[in-house]
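Student: Generate coordinates for the sequence data below:
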Amino acid sequence: MKSLVLTMSLLTASVAMADQSATMTCTGKKVVLAVKSLYLGENAKSKQELYVLKLMDNDNETKNTAYFLNIEQDIGGARNCFGAGSLIFSGSNEAKGDFELCIQAWEEKGDGTVVRQTSSGVISYKHGPLKGKDEPVSCVLE
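Tutor: As a prediction, the model looks like this:
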């Protein structure tokens, strides 16, 4: 009976981990932009991501933090900041804050069992006391 419970627990954990979407984190000298995927339930028809921009020394996300749900993504586009394959993420919120992240094409760094991609780029942002222009960032998609 113990082996059946253990087997079921491992199977459930592996299915739960396989069902998670990749998350993106971009880190600069002053700020971190992290993408959080909100769970809307199994077989949800819509997917929503929350982009959280905060100062590097902000451990608890209570101050100097901006939240963005209105996100547009483009490949290259009008502002082709790193040449072919560059990606642009533009976000805004109801508090009149915004950001623009421009990164190079993702580079695969996984080991075959784990998805891990890296990139570098620049971020410009303004939201209350958070202000910056073309701050270099390194990004990880896991």
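
Student: so where do the helices sit in this protein?
Tutor: 2-18 (DSSP state H).

Student: where do the strands sit along it?
Tutor: 24-28, 31-38, 48-55, 65-68, 70-75, 87-92, 98-103, 107-108, 117-127, 130-141 (DSSP state E).

Student: model confidence over the second one, on average?
Tutor: To tie it back to what came earlier, the one meant is strand 31-38. Average pLDDT, strand 31-38: 89.

Student: List the buried residues for it?
Tutor: Buried residues in strand 31-38, counted by 16 or more other CB atoms under 10 Å: Val31, Val32, Leu33, Val35. Yep, even glycine has a C-beta here, placed from its N, CA and C like the rest.

Student: Also the fifth one?
Tutor: Of the residues in strand 70-75, those scored as buried under the neighbour-count criterion (16+ other CB under 10 Å) are Ile71.

Student: That one - contacts with which helices or strands?
Tutor: strand 87-92 (3 or more CB pairs under 8 Å, 6 or more residues apart in numbering; DSSP states H and E).

Student: Which strands border the strand it packs on, and is each parallel or antiparallel?
Tutor: strand 70-75 (antiparallel), strand 98-103 (antiparallel) (DSSP bridges).

Student: okay if I get those strands as CSV plus distance to Leu55?
Tutor: CSV is the format used below for the strands paired with strand 87-92 (distance: least, CB to CB, whole Å):
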stretch, distance to Leu55
strand 70-75, 21
strand 98-103, 14
